[in-house]
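[1] Build me a structure from this.
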Amino acid sequence: MSKNPTTSIAERRRFIAERSASIQAELDALTAEAAELDIADRVLKRFSQIPTIGGNGESHTARVESIEDDEADADADGPTLPQMVFTMLGEAKARGLKGAESAEMLKIIRARWKPDFTAEKLRPTLWRMVQKGRLKKRGKIYRLPDSSPEGETEAVGASARH
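    Model prediction:
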């Protein structure tokens, strides 16, 4: 017995509709996965391009000392300026560098934490940190106190001009 052509056509249409729905569901899942991969790629690129002092993008967590009230210009959503300085100089030390200039630190602060940050906010804090012995300065280079050459016990070049 032969099938009715109308029945065959209806069966074929049903098969096509079911197969189309299955393919569409698979396509939707792949499209969603591709979007997630795009987001992951952008996040990885953004965080791997964070500048570091003398660095290659690796992360290093520095010891952060207690912060005094006059230096604690912290935002609710970020570290204080002295914490940023300790972090950057700790990273530099971990890479074998002696320290960093204020211009380099300013560039990193802008890239990592505060895009609109100014040198007028950074330099006075660096000066206070040097005066209090929390940083050392030789020429233009700021460094952590324990990274100073042996025998040097006071800040070098600690002037009001930076």
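[2] Which parts of the protein are strands?
    Secondary structure of the chain (DSSP state E): strands located at 100-101, 136-138, 141-143.
[3] Against which helices or strands is the first one packed?
    If you count contacts as 3 or more CB pairs under 8 Å, 6 or more residues apart in numbering; DSSP states H and E, strand 100-101 packs onto helix 81-94, strand 141-143. The C-beta positions use only the backbone N, C-alpha and C, and glycine is treated the same way.
[4] Most tightly packed of these?
    helix 81-94 (a mean of 22; mean count of other CB atoms under 10 Å).
[5] other SSEs contacting that helix?
    So helix 81-94, by 3+ CB pairs under 8 Å, 6+ apart, packs with strand 100-101, helix 102-112, helix 119-131, strand 141-143.
[6] which neighbours does the shortest one have in its sheet, and in what orientation?
    Looking at strand 100-101 with DSSP bridges, its partner strands are strand 141-143 (antiparallel).
[7] tell me the mean pLDDT over the strand it pairs with?
    When pLDDT is averaged over strand 141-143, the result is 93.
[8] Could you do stretch 8-26 as well?
    Here the average pLDDT along stretch 8-26 is 95.
[9] just stretch 106-124 next, same as before
    Mean predicted lDDT for stretch 106-124 stands at 90.
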